[in-house]
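S.K.: have a look at this prediction, sequence included:
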Amino acid sequence: MPKIRTQRTKRPPAGFDDIEPTLEEFAQKMREVENEPHEGKRIVESTWPVFRIHHQRSRYIYELFYKRKAISRELYDYLLKNKYADPNLIAKWKRPGFEKLCCLRCIQPRDTNFGTTCICRVPKEKLAEGKKVECVHCGCHGCASGD
């Protein structure tokens, strides 16, 4: 009879213990949002809090590594590999013009009616005076870098 291979999880790198409480807080918030009732909301509105928490958690890890240089490359790679942060979103944040991007769906032209980016990517000075902007995908109120 062949041996059954079990998945051995690597121990987290040094420094994980320092940021684990914050990551647990994000996980707890995510569980609360997922269990929250969504009666009376539009279908798209029920997913907005999930997008916000996902963005906050990815932004936290991004700032720890790139801005404050508080974690090592090994820990950063471990966090990305274990899906604590979104590597595609972080890759966009490093590019000019996407520093405040809220989610990847806002820059995908196939998700809009006219084949352009989302309305939240338009700088506020280009919009009509007093017009309230709310993204359909994630609920953000403007993530253009020019704001």
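M.R.: Received the coordinates, thanks.

S.K.: how is the protein divided into domains?
M.R.: Following the TED database, one gets these domains for the chain: 10-94, 100-146.

S.K.: CA atoms only for stretch 47-59, dumped as PDB, please.
M.R.: The C-alpha coordinates for stretch 47-59 follow below in PDB (Å, rounded to 0.1, in the frame of the first residue of the first chain):
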ATOM      1  CA  THR A  47     -20.000  42.300  -1.300                       C
ATOM      2  CA  TRP A  48     -18.600  45.800  -0.700                       C
ATOM      3  CA  PRO A  49     -17.500  45.200   2.900                       C
ATOM      4  CA  VAL A  50     -15.600  42.100   1.800                       C
ATOM      5  CA  PHE A  51     -13.700  44.200  -0.800                       C
ATOM      6  CA  ARG A  52     -12.900  46.900   1.800                       C
ATOM      7  CA  ILE A  53     -11.400  44.400   4.300                       C
ATOM      8  CA  HIS A  54      -9.500  42.700   1.500                       C
ATOM      9  CA  HIS A  55      -8.100  46.100   0.500                       C
ATOM     10  CA  GLN A  56      -7.200  47.000   4.000                       C
ATOM     11  CA  ARG A  57      -5.400  43.800   4.700                       C
ATOM     12  CA  SER A  58      -3.400  44.000   1.400                       C
ATOM     13  CA  ARG A  59      -2.600  47.600   2.100                       C
END
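
S.K.: roughly how far out does it sit from the chain middle?
M.R.: 5 Å (C-alpha atoms, centre = their mean, to the nearest Å).

S.K.: residue contacts, residue 103?
M.R.: Residues in contact with residue 103 (C-beta atoms under 8 Å, 6 or more residues apart in numbering) are 51, 54-55, 89, 137-138, 140. C-beta coordinates here come from the backbone N, C-alpha and C atoms, glycine included.

S.K.: can you get me a residue count around residue 32?
M.R.: 11 (other C-beta atoms under 10 Å).
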